[in-house]
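**Student:** Just the structure for this:
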Amino acid sequence: MPRLLAIDYGQARVGLAVTDPGGTVVFALRTITWETRDALFRELLGVMAQQAPARIVVGYPARAGGDEGLTGRQVRNFIARLRRRTDIPVVCADEAHSTEEAAERLRAAGLSGRELAARLDAEAAAVILARYLRGGELCCDPSSSASSSAASDWSASSATGPTNS
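**Tutor:** This next block holds a predicted model:
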């Protein structure tokens with residue numbers, strides 16, 4: 001599997017993680033603190049040019065019961081904007097509790113306070129990417145507001161190769 005880039009999207013910070021060139025080992029990369037959309041995408045495009053991922057995995061906040069919620073809509077809108085700026089296939093994976101899992105990992109590594117906070121979003125992206133590599137289900141069609149009803153159809157089509165619709 002070629003290199004993958006994961007994005008943990010947030011309204012203030014965006015965590016990034018990548019795999020090794022073989023697509024098997026995950027590394028937390030960096031966190032982008034953003035103030036304008038243009039600046040965020042400029043930085044993301046720079047990372048994509050540098051890392052040359054074959055696929056981008058974006059964490060999506062799937063909710064029990066199928067409703068999308070505000071954060072889900074924000075992530076879906078982010079994915080739509082990202083797709084307008086790149087030809088790299090974009091897929092999504094469940095990000096449930098990725099921040100909590102990332103915080104536990106960082107505490108186990110001896111980090112706390114500001115040091116932990118500075119690495120949290122990139123580590124959360126690493127959690128999302130590791131889940132994806134373990135075969136975590138793709139959870140939504142980010143191009144559709146009816147994401148929960150389209151989830152199984154999109155997952156099935158993604159197994160044969162994602163599309164940038």
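
**Student:** Show me the residue sitting in the middle of this protein in space.
**Tutor:** By C-alpha atoms, centre = their mean, the chain has its centre lying nearest to Val58, at 2.4 Å.

**Student:** Can you verify my assumption that that residue contacts Ile7?
**Tutor:** Yes - in this structure, Val58 sits in contact with Ile7. The criterion is C-beta atoms under 8 Å, and the distance is 4.8 Å. (C-beta placed from N, C-alpha, C; glycine too.)

**Student:** State whether the residue nearest to the centre of the chain is indeed within a strand.
**Tutor:** Yes - secondary structure of Val58, determined by DSSP: H, G, I helix; E, B strand; the rest coil: located in a strand.

**Student:** how close does it sit to Ala17?
**Tutor:** Val58 sits 11 Å away from Ala17, taking C-beta to C-beta, to the nearest Å as the criterion.

**Student:** who's Leu5 bridged to?
**Tutor:** Val18, Ile56 (DSSP bridges).

**Student:** Show me what counts as buried in the longest helix along the chain.
**Tutor:** Ranked by residue count under DSSP state H, the longest helix found in the chain is helix 113-133. By neighbour count with 16 or more other C-beta atoms under 10 Å, helix 113-133 contains the buried residues 116, 119-133.

**Student:** Ala52: which of those residues is nearest?
**Tutor:** Each of the buried residues of helix 113-133 was checked against Ala52 using C-beta to C-beta; the closest is Leu129, at 15.8 Å.

**Student:** List the residues that contact that closest one.
**Tutor:** Residues in contact with Leu129 (C-beta atoms under 8 Å, 6 or more residues apart in numbering) are Leu4, Ala6, Ala17, Val18, Thr19, Val26, Val57, Ala93.

**Student:** Cool, thanks, talk later.
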